[in-house]
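# structure for the following, please:
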Amino acid sequence: MIEITTTDNVGLITLARPEARNALTGAMMRDLANAVRAFDDNEAIGAIVLTGKDPAFCAGLDLRDLATTYQDIQLASETTTAQRGLLPAASKPIIAAVNGPAVTGGLELALGCDWMIASREHATFADTHARVGVMPGGGMTIRLPQLIGINRARQMSFTGNFIGAATAYEWGLVNEICDHEALLPRAFALAGAINESRTHVVRELRTMYETLALRSDDDVYKEEARWSRKWMHDNFDGASFNNQRENIIARGSSQQ
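Down below sits the predicted model:
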């Protein structure tokens, strides 16, 4: 129910239970976590794309499974594994290619990725925790207000109403929207652009964002400067920098 493929140093994970709109069972959660960790440990992989098999991205958790295998996995993850919401902590970027409805736990799954792009025609988003009578435990009340603001997050969570791709883009929930047939190619293009950078540099930069981005104190600027100085002292390669700079300038000129 989880399909895994690799193309051009990009790992693709597909939720493949379309008859249930890719609702997550405990077994799927376990396989998904293992897939993320395997790609994260694979030095040939620079980025990961997560999507669902049409017609949905993910309808959330399979409620029939919620009280059994999923609960066991959640309890184990709290004590043994670093988590980012419903996903295990990873050092490599994960792009969510939202091809259809992303609902409740499915939305939390997408929120656990570094960013989302969405199908203009088919992607929709909703948090129905209040409607079904459960509390979010996969990052909803953390990541959703970070992206769209506390008032819009409350509106989504308290009403359970759906928003479409255009509204999700306007609110800042998704970075881009594109035609449905172009969704995966676009996700792979973004992942390919990540692969053009050095993996260890992207990994360090991602860690900086994770550590510093949500701080607002004055000391955070000093912390970034200290972090930069140390990393540059330990890792900076001047000759490589000059070569890369010329390549970047040439690439930027060709895209104008």
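# buried residues in the strand or helix carrying Arg64?
Per DSSP states H and E: Arg64 is located in helix 63-65. Neighbour counts over helix 63-65 (16 or more other CB atoms under 10 Å) mark Asp65 as buried. The way it works is simple: take the backbone N, C-alpha and C, and place the C-beta from them, glycine included.
# so how far is that helix off the chain centroid?
24 Å (CA atoms, centre = their mean, to the nearest Å).
# contacts only, for Ala47.
By CB atoms under 8 Å, 6 or more residues apart in numbering, the residues touching Ala47 are 10-11, 92-95, 190-191, 194-195.
# what values do phi and psi take at Val36?
In terms of degrees, to the nearest 10, the main-chain angles of Val36 are phi -60, psi -40.
# number of residues surrounding it?
Here the count is done by other CB atoms under 10 Å, and Val36 has 23 residues near it.
# how about the contacts of Ala47 in CSV, adding neighbour count, pLDDT and distance to Asn42?
Output for those, formatted as CSV (neighbours: other CB atoms under 10 Å; pLDDT from 0 to 100; distance: CB to CB, whole Å):
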residue, neighbour count, pLDDT, distance to Asn42
Val10, 23, 98, 11
Gly11, 24, 98, 7
Lys92, 21, 96, 9
Pro93, 20, 97, 14
Ile94, 22, 98, 14
Ile95, 24, 98, 16
Leu190, 20, 98, 19
Ala191, 25, 98, 14
Ile194, 19, 97, 14
Asn195, 19, 96, 13
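# let's see which of those residues end up in strands.
Judged by DSSP state E, the contacts of Ala47 include 10-11, 94-95 as members of strands.
# skipping adjacent residues, who's closest to Leu184 in space?
Spatial nearest neighbour of Leu184, excluding adjacent residues (CB to CB, 6 or more residues apart in numbering): Ala97 at 5.8 Å.
# got it, and Arg203?
Using CB to CB, 6+ apart and skipping the chain neighbours, the partner closest in space to Arg203 is Ser91 (4.7 Å).
# just checking, next helix/strand downstream of the helix or strand where Leu107 lies?
Assessed by DSSP H and E, Leu107 sits inside helix 105-111. Per DSSP H and E, the first helix or strand lying C-terminal to helix 105-111 is strand 115-119.
# and whatever helix or strand comes next after that following strand, what does it pack against?
Proceeding N to C from strand 115-119, the next assigned helix or strand is strand 124-126, under DSSP H and E. Packing partners of strand 124-126 (3 or more CB pairs under 8 Å, 6 or more residues apart in numbering; DSSP states H and E): strand 102-103, helix 105-111, strand 163-164.
# name the helices or strands packed onto the first one?
Think strand 102-103. If you count contacts as 3+ CB pairs under 8 Å, 6+ apart, strand 102-103 packs onto strand 124-126.
# can you list contacts of the strand it packs on?
With contacts defined as CB under 8 Å, 6+ apart, strand 124-126 is touched by 98, 100-104, 107, 110, 156, 160-165, 168, 173.
# please parse this structure into its domains.
Per automatic domain parsing, the domain ranges recorded for the chain read 2-195, 215-254.
# out of those domains, which gets nearest to Arg206?
Nearest to Arg206, of all the domains of the chain, is domain 2-195, at 6.4 Å by CB to CB.
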